[in-house]
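1. take this sequence and fold it.
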Amino acid sequence: MIGPAFVVGSWQFGPGALTAAVQAGSGYGYALIWVIVACNLLMLAFADMSIRIGIVSGNTLISITKEYCGVLVARLSGVGLFVITLMFSVGNAVGSGLGLSLLFGGSVIWWSLACTALVACVLLARRLYRAIEKALLAIVATMAFSFVITAFLSGPEWSAAGGGVIPSLPAGAGLLIVAMVGTNFSMNAAFFAGYAGRERGLTREAYRRTTLVDTIPGIVAPGLMTILVLITAATVLEGGGADASFGDLAGVLEPIAGEAGRIIFALGFFGAAFSSMLANATAGATVLADTFDWAKDVSSLPVRLGILGILAFGATVTVIAGSSPVQLIIVAQALTVLIKPLLGVVLVYLATNSRLMGTLRNTWWQNALGVCGVLLVVATSIHLAMNLY
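-> Okay, the predicted model is just below:
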């Protein structure tokens with residue numbers, strides 16, 4: 001029953017989402033829960049648009065964009081998505097190295113390089129992929145279950161947490177909010193959902209069933225998990241500040257399991273980063289090949305070179321700017337919002353086109369959510385650009 005939305009959701013729940021949520025809870029308590037709620041609702045809307053476009057077109061989203069928006073827009077979208085995967089590759093490389101460094105000691109940079117090399121071997125020798133993927137999913141699931149238990153056993157103030165759904169802008173939280181939007185409202189993952197839906201052979205007749213058993217739970221579940229991570233951090237690390245070290249982040253599970261909690265967190269953080277690294281590199285290389293009409297099969301030379309390029313970029317940036325790994329993850333995730341407005345506009349335009357979509361075109365409320373989503377990424381892009389300037 002697992003389909004494209006679960007692929008998108010698992011891609012979201014990576015090291016960037018975990019780091020941003022823990023820092024938000026540690027530095028600002030429950031005040032930023034509303035960011036995750038809003039992003040999850042918009043993520044659901046855009047993933048649904050992408051899946052519907054894939055269903056009605058029977059083609060890749062880049063190909064459809066070329067037909068309805070022109071080659072230039074399609075290539076800008078494809079290259080833009082590829083650039084976003086480059087940013088995500090930094091967080092994935094750093095995250096995997098952080099997890100193993102906490103477990104075994106040693107340099108974060110060297111562990112990041114080792115993980116990058118291992119991912120390259122796995123992706124270029126596909127027979128290993130499924131076995132490793134299952135092991136990683138088990139690790140991440142263990143950490144997720146631990147967060148659920150800890151969230152309840154740590155005794156949070158649930159009424160105060162409920163108040164966190166009311167939007168507020170705490171002083172100094174600007175970059176962190178941008179990073180939270182970058183990870184929880186992953187426009188690149190939503191865009192790729194259309195590819196995943198096409199690969200699964202979804203049909204119009206299966207659309208409503210897919211929505212109920214895949215799209216809604218596949219997107220909502222990671223959002224709820226991220227909220228629980230934030231609540232746990234707000235309860236356990238209250239007053240720790242938004243610049244908490246990775247050792248502080250790993251301490252969020254100590255109330256339930258003591259020192260073993262740190263090991264569970266480190267293993268889960270590594271698993272989330274490593275599995276995201278696999279998905280991110282494959283998706284970015286595939287879309288780039290599709291953009292320029294190259295061979296799109298994973299075993300083809302263009303895709304293999306694209307995968308190696310994405311992994312090499314993440315490793316290189318980690319080596320050059322790895323002195324503050326947690327902050328590097330936050331900055332890398334924040335930078336992705338600069339490119340997302342174009343992907344959002346393309347998805348809304350295609351999903352609204354009656355000639356393409358027919359009876360599956362956007363309703364008025366889906367258009368309203370689409371406009372809100374585009375405005376959100378535009379606003380965060382402007383905020384980030386002004387601060388960078």
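2. and the helices in the stretch 51-200 of the chain?
-> Under the criterion DSSP state H, counting those that start in this stretch, the stretch 51-200 of the chain contains helices at 61-69, 71-104, 108-124, 129-153, 158-163, 174-184, 187-199.
3. Three-state assignment for Leu305, please.
-> Three-state call for Leu305 (DSSP: H, G, I helix; E, B strand; the rest coil): helix.
4. and the closest residue to it other than its chain neighbours, how many residues sit next to it?
-> Among residues not flanking Leu305 along the chain, Ala285 sits closest, at 7.7 Å (Cβ to Cβ, 6 or more residues apart in numbering). Any C-beta I mention is one placed from the backbone N, CA and C, and that applies to glycine too. Neighbour count of Ala285, defined by other Cβ atoms under 10 Å: 27.
5. for Glu67, same thing?
-> Glu67 is flanked by 14 other residues according to other Cβ under 10 Å.
6. per-residue confidence at it?
-> pLDDT for Glu67: 93.
7. go on, Gly106?
-> Confidence for Gly106, expressed as pLDDT, is 82.
8. so what does it look like in phi/psi?
-> In terms of degrees, to the nearest 10, the main-chain angles of Gly106 are phi 90, psi -180.
9. repeat for Ile339
-> Per-residue torsions, Ile339: phi -110, psi -20 (degrees, to the nearest 10).
10. which ones are touching it?
-> By Cβ atoms under 8 Å, 6 or more residues apart in numbering, Ile339 lies in contact with 80-81, 83-84.
11. now, which of the residues you listed sits nearest Ile64?
-> The shortest approach to Ile64 among the contacts of Ile339 belongs to Leu81, at 14.2 Å (Cβ to Cβ).
12. so who does that closest one touch?
-> Counting by Cβ under 8 Å, 6+ apart, Leu81 has contacts 188, 191-192, 284, 287-288, 339, 343.
13. any chance of TSV for the helices of the stretch 51-200 of the chain, columns distance to Ser276?
-> As requested, the helices of the stretch 51-200 of the chain are arranged in TSV below (distance: least, Cβ to Cβ, whole Å):
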stretch	distance to Ser276
helix 61-69	21
helix 71-104	5
helix 108-124	10
helix 129-153	10
helix 158-163	27
helix 174-184	10
helix 187-199	10
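14. quick check: of the contacts of Leu81, which has the highest neighbour count?
-> Top of the contacts of Leu81 by neighbour count (other Cβ under 10 Å): Phe191, with 30 neighbours.
15. that one contacts Leu61, doesn't it?
-> Yes - at 6.1 Å, Phe191 and Leu61 qualify as touching, with contact defined as Cβ atoms under 8 Å.
16. who touches both of the two?
-> Common contacts of Phe191 and Leu61 (Cβ under 8 Å, 6+ apart): Ser50.
17. follow-up on the earlier one: do you know which of the helices of the stretch 51-200 of the chain lies nearest Phe274?
-> helix 71-104 (4.9 Å).
18. tell me the buried residues in the closest one?
-> Neighbour counts over helix 71-104 (16 or more other Cβ atoms under 10 Å) mark 73-103 as buried.
19. picking that back up, OK, contacts around the residue nearest to Leu305?
-> Contact analysis of Ala285 by Cβ under 8 Å, 6+ apart lists 82, 302-307, 309-310.
20. please give the element, helix or strand, for it.
-> Using DSSP states H and E, Ala285 maps to helix 259-291.
21. so can I have a markdown table of the contacts of Ile339 showing pLDDT and distance to Phe265?
-> As requested, those are exported to a markdown table (pLDDT from 0 to 100; distance: Cβ to Cβ, whole Å):
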| residue | pLDDT | distance to Phe265 |
| --- | --- | --- |
| Gly80 | 91 | 33 |
| Leu81 | 91 | 31 |
| Val83 | 90 | 30 |
| Ile84 | 89 | 27 |
